[in-house]
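When you get a sec, could you give me coordinates for this:
(2 chains)
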Amino acid sequence: MVGSNFVINLLLAASLNQLWSLMNGLQVMSHLTLFGIVFPPNANVFMVAFVTVANFEIVPTDIVYPLFFELPECQAHSSGFELTGYESIYVSENLGTIFVLMHVYAILYIASGLLFLLGKKWNSFAKGYQKLAKFLFWNGLIRFFIEAYLELSLAVIVNLVHLKWDTESGAELYSSITTVFYSLIVVGLPIFLAFFYGC
Amino acid sequence: MDDEEFESRFGSAYEGLKMTDEERYIMLFDPIFFCIRRLIFSLTAVFWGDYIVFQMLALGACTSVQLAYLWKYEPLETKFMNRMEMMNEVTALAMLYTMLLFTPWMENLDTRYWTGYFFVGIMITNISIHFAFLLKNTFV
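Below is the predicted model:
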């Protein structure tokens, strides 16, 4: 308990640039298990533990998701993917916490749109919109996409390979739709950054 | 980009980078290559699962390019952060070279097993250095 409090305090007080540097390094290193190589068991155990940290797995999505989605049973894209925590072919399951955060962002953007419209008539809604807009536009979202880019691109490419439109499962169809939408983000982010710096 | 309002909205896209006018286009490479490199990593992981050599070559090439770029241009604002990024790249390369001993060409299981400890050691060293500097810069 004391140890976890200390780590949380350290993370809150530390320089963000240093934290991103640590996370970025950790992301690449922990995803080396995706390569078609059989790791010795001692290295395996360690790598799997670090994948959870590098992938921002904060929400226990394995327990939460079955309450909302009923995706068909499937196997991982390969044994390396299974080992690295990408146990499904569906973007919703593979993204885990990031998928939840994406939806939280989407809901907040819809709410900000409503507050903006209501704010035109009632001043108190306009104040609420300004507070929400300060959080939403755009710093947090850009950093979120940059840090989640590796996991996002992996989950999207895997789902694109196994994309299904003629299905009776609503959850599977929803996964396909979100895959197409997220693939626009995966392709669009480097283009956005190039234009952003170029202008 | 010097505008405060602009920075409060989009600052995270170029946080920590040198953003002087002369160097802006060179600095452009860093965040773009950050994404492209991860995209290459994902594509090779998904489509080249059976071609270990190509996977390793792709990651090795990307890491080497990034290391050379960091070495030549030092794109980050502080020398310290440039050094930390270089350490990350060197660590990734060291792990990649160590992984050669996990390939089917290394038939001695004992060697593979003990190399596993070395592999984990490289990763722990990297993380420990990061945490040591995090502690130093936060509390000292």
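
Under the pLDDT cut-off, which ranges of the chain? List them.
Went with chain A since none was named. Across chain A, the ranges flagged by pLDDT under 70 are A:1-14, A:55-56, A:197-199.

that answer is for a different chain, and I need it for chain B
Chain B contains residues with pLDDT under 70 at B:1-3, B:21.

Dead centre of it: give me the residue that sits there.
With distances taken as Cα atoms, centre = their mean, B:Glu89 lies nearest the centre of chain B, 4.1 Å away.

For it, give me its contacts.
B:63, B:66-67, B:70 (Cβ atoms under 8 Å, 6 or more residues apart in numbering or on different chains). (Glycine included, C-beta is placed from N, CA and C.)

so can I have CSV of these showing secondary structure?
Below are the contacts of B:Glu89 laid out as CSV (DSSP: H, G, I helix; E, B strand; the rest coil):
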residue, secondary structure
B:Thr63, helix
B:Gln66, helix
B:Leu67, helix
B:Leu70, helix
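
Please name the residues that touch the residue lying farthest from the centre of chain A.
In chain A, A:Lys121 marks the outermost C-alpha relative to the chain mean, sitting 36.0 Å out by Cα atoms, centre = their mean. Residues counted as contacts of A:Lys121 (Cβ under 8 Å, 6+ apart): none.

re earlier: list just the nearest of the contacts of B:Glu89 to B:Thr98.
Of all the contacts of B:Glu89, B:Thr63 has the smallest distance to B:Thr98: 13.4 Å, by Cβ to Cβ.

Any chance of the backbone angles for the residue farthest from the centre of chain A?
In terms of degrees, to the nearest 10, the main-chain angles of A:Lys121 are phi -100, psi -40.

From B:Arg9, how far out is it?
To B:Arg9, A:Lys121 is 26 Å away according to Cβ to Cβ, to the nearest Å.

before we move on, what about A:Thr179?
Counting by Cβ to Cβ, the gap from A:Thr179 to B:Arg9 is 29 Å.

The two: which has the busier surroundings?
A:Thr179 (21 against 16; other Cβ atoms under 10 Å in any protein chain shown).

Secondary structure element for the residue nearest to the centre of chain B, which one?
helix B:79-99 (DSSP states H and E).

biggest helix in the chain, by residue count?
In the absence of a named chain, chain A is used. In chain A, ranked by residue count with DSSP state H as the criterion, the top helix is helix A:170-198.

that's the other chain; I wanted chain B
Counting by DSSP H, the longest helix found in chain B is helix B:109-139.

in it, what's buried?
Under the neighbour-count criterion of 16 or more other Cβ atoms under 10 Å in any protein chain shown, helix B:109-139 has B:112, B:115-116, B:119-120, B:122-123, B:126-127, B:130, B:133-134 buried.

and that helix, what does it pack onto?
Under the contact criterion of 3 or more Cβ pairs under 8 Å, 6 or more residues apart in numbering or on different chains; DSSP states H and E, helix B:109-139 touches helix A:2-13, helix A:16-30, helix A:41-54, helix B:79-99.

Out of those helices, flag the one nearest A:Gln130.
When the helices and strands packed on helix B:109-139 are compared by Cβ to Cβ, helix A:16-30 sits nearest A:Gln130, at 24.3 Å.

Other residues contacting that closest one?
With contact meaning Cβ under 8 Å, 6+ apart, helix A:16-30 is reached by A:11, A:47, A:50-51, A:53-55, A:84, A:147, A:150-151, B:15-16, B:34, B:41, B:76, B:81, B:84-85, B:87-88, B:91-92, B:95, B:123, B:126-127, B:130-131, B:133-134, B:137.

swap the cut-off to 6 Å and go again
Helix A:16-30 has contacts (Cβ atoms under 6 Å, 6 or more residues apart in numbering or on different chains) with A:47, A:50-51, A:54, A:150, B:16, B:81, B:84, B:88, B:92, B:123, B:130, B:134.
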